[in-house]
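[1] Build me a model from this:
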Amino acid sequence: MPDRTLFLTGHLAERRLRQVLSELEKPVLDWAVHDVGIQVAALMTADLIRRRLPPEAIEGCARVVVPGHCRGDLDALAAALGGGVPFERGPEDLHDLPEWLGGAAQPVDLSQYDVRIFAEIVDAPRMPVEEILAKARDLAAHGADVIDVGCLPDTPFPHLEETIAALREAGFRVSADSADLDELRRAGRAGAEFLLSLTEETLGLADEVASVPVLIPARHGDLPSLYRAAEALAARGRAFIVDPILDPIPFGVTASIERYAAVRRTLPDARILMGIGNLTELTDADSTGVNAVLFGMIAELDITDVLAVQKSPHCRRAVYEGDRARRLMHAAKRLGRLPIGIDTSLMALRDRRPFPSTPAEIAETAAQIRDANFRIEIAEDGIHVYNRDGHHIARDAFDLYSHLGVEQDGAHAFYLGVELARAQTAWQLGKRYVQDEDLSWGSAVDRPPEDKMIHRAPGPTLEARRKRPRRGETEA
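    Okay, here's the model as predicted:
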């Protein structure tokens with residue numbers, strides 16, 4: 001059985017590709033490289049490969065690896081070229097090949113998780129029912145399993161029953177959160193599945209409604225009262241969830257984590273809820289990192305339920321971040337590996353390998369360019385812009401303007417301004433930059449999924465200015 005791997009590439013990347021492959025650790029991969037006759041490998045398509053790759057090139061190969069950006073149906077391509085040799089998409093950057101070939105970058109199943117997310121709709125009493133429903137749909141789309149209707153102190157909620165009925169009719173699981181026993185009673189009678197929060201002193205309400213109560217200590221940090229409430233409900237055969245209460249940092253968070261650990265030891269089979277808003281909402285730090293650490297501890301402590309809040313503008317993605325974090329930590333725990341190389345959704349500001357190309361590699365590529373189209377890359381030393389007329393490096397995009405010669409070309413100047421701004425942002429933060437692509441902000445921003453079957457649309461200047469050839473094409 002042949003075990004040779006054939007890598008397809010373009011003119012500009014061939015030398016770099018060969019260098020990366022030649023530096024692979026032993027045992028050395030049996031590999032070959034084939035230039036399909038295009039300048040920029042990222043513009044390769046399945047149809048182009050079908051037209052330009054001779055069948056004899058894949059003879060004796062176990063597989064053919066195409067660039068990660070390659071669009072088109074690779075199964076149909078393999079069938080058209082015959083021989084039964086499969087075609088696979090590699091990583092989008094060739095410098096990631098060693099990891100990809102080693103299997104560490106292969107997809108991990110992130111469909112599983114064991115933490116239920118309660119997402120609170122804050123200020124519900126001040127919102128009409130339709131607005132609450134719209135908010136619930138958004139929260140559910142971002143990972144919420146239960147919609148928590150948040151009540152407010154000394155604020156009437158005349159449409160509480162109507163709200164719960166509308167949410168249930170729309171198919172949502174519903175909880176209600178209030179310090180007012182009468183509101184909790186109304187919510188329970190209206191059909192709320194969970195009530196937040198009861199203590200041993202208000203436990204009688206649990207006998208009036210079928211809702212599952214979330215229990216909290218009668219007084220802050222009073223775990224014995226929490227245990228007594230749990231024992232009382234367990235004796236009645238009632239389901240319950242316990243919540244020792246997470247305190248904000250630096251005002252007791254460590255002690256509160258210790259309480260969660262103590263509750264887990266004392267009640268090894270109980271469902272435990274952690275309200276994480278005291279950390280995400282009350283800390284001026286990016287919530288992605290806070291959620292990563294929190295859900296790591298949640299995984300260690302076998303916390304089963306989380307109450308997430310996204311009231312503050314800096315936490316407006318907290319539910320989605322929690323959803324990604326619970327999946328990441330579940331996968332890491334299940335696989336027995338660190339939460340590295342599994343999912344980068346929580347790495348919004350920086351990338352682990354932001355500069356795949358060295359300044360020397362970029363300079364080598366720049367020396368091969370024979371057309372007027374500008375290429376933009378970033379490396380540790382700054383932003384690189386190059387075409388056949390020169391190679392310029394700067395750390396401030398404005399310093400490059402005088403070298404570009406686009407003073408009379410508004411469309412091109414606009415395009416270069418956008419791309420150089422992206423490049424500067426990526427360089428300053430330490431993020432991957434790929435020309436003609438949006439920066440990736442992880443879970444912080446919605447990004448439509450890529451369709452590898454569809455060829456990428458022309459870049460921003462092509463429609464406005466056809467005089468310049470497309471990147472990857474040569475001038476007539």
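[2] mind listing what the spatially most central residue of the chain touches?
    The residue lying closest to the centre of the chain (CA atoms, centre = their mean) is residue 345, at 2.3 Å. For residue 345, the contacting residues are 321, 324, 328, 442-443, by CB atoms under 8 Å, 6 or more residues apart in numbering. For every residue, glycine as well, the C-beta is placed using N, CA and C.
[3] could you say which helix or strand contains the nearest residue to residue 247 once chain neighbours are set aside?
    In space, residue 247 comes closest to residue 256 once its chain neighbours are excluded; the distance is 4.2 Å by CB to CB, 6 or more residues apart in numbering. Under the criterion of DSSP states H and E, residue 256 resides in helix 253-266.
[4] and the residue nearest to the centre of the chain, which of the three is it?
    Judged by DSSP: H, G, I helix; E, B strand; the rest coil, the three-state class of residue 345 is coil.
[5] Next one: it from residue 355, what distance?
    Distance, residue 345 to residue 355, by CB to CB, to the nearest Å: 21 Å.
[6] again with residue 381
    9 Å.
[7] now the chain, which segments are flagged as low pLDDT?
    1-2, 26-28, 103-106, 449-476 (pLDDT under 70).
[8] Repeat the analysis, applying 50 as the threshold.
    Judged by pLDDT under 50, the chain has its weakly predicted residues at 1, 104-105, 458, 460-476.
[9] Outline the domain layout of it.
    4-102, 116-335, 349-476 (automatic domain parsing).
[10] now the ones you listed in JSON lines, with distance to residue 108 and mean neighbour count?
    Shown next, in JSON lines, are those (distance: least, CB to CB, whole Å; neighbours: other CB atoms under 10 Å):
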{"stretch": "domain 4-102", "distance to residue 108": "13", "mean neighbour count": "17"}
{"stretch": "domain 116-335", "distance to residue 108": "5", "mean neighbour count": "19"}
{"stretch": "domain 349-476", "distance to residue 108": "16", "mean neighbour count": "16"}
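[11] Which of those domains sits closest to residue 110?
    Between residue 110 and the domains of the chain, the shortest separation by CB to CB is 4.3 Å, and it involves domain 116-335.
[12] end to end, how far does that closest one reach?
    Separation of the first and last residues of domain 116-335 by CA to CA, to the nearest Å is 20 Å.
[13] what do you get for stretch 256-274?
    Stretch 256-274 has an end-to-end distance of 10 Å (criterion: CA to CA).
[14] cool, and stretch 57-73?
    Note: stretch 57-73 ends 19 Å apart using CA to CA.
[15] any residues touching that stretch, and which ones?
    Residues contacting stretch 57-73 (CB under 8 Å, 6+ apart): 1-9, 13, 32, 34, 41-47, 49, 74, 78, 81, 83, 85-94, 451-456.
[16] what does stretch 97-113 give?
    17, 20-21, 23-25, 29, 90-91, 96, 323, 326-328, 330-331, 334-335, 341-343.
[17] What strand or helix carries the nearest residue to residue 201 once chain neighbours are set aside?
    Nearest residue to residue 201, sequence neighbours excluded (CB to CB, 6+ apart): residue 218, at 5.4 Å. Using DSSP H and E, residue 218 sits in no helix or strand.
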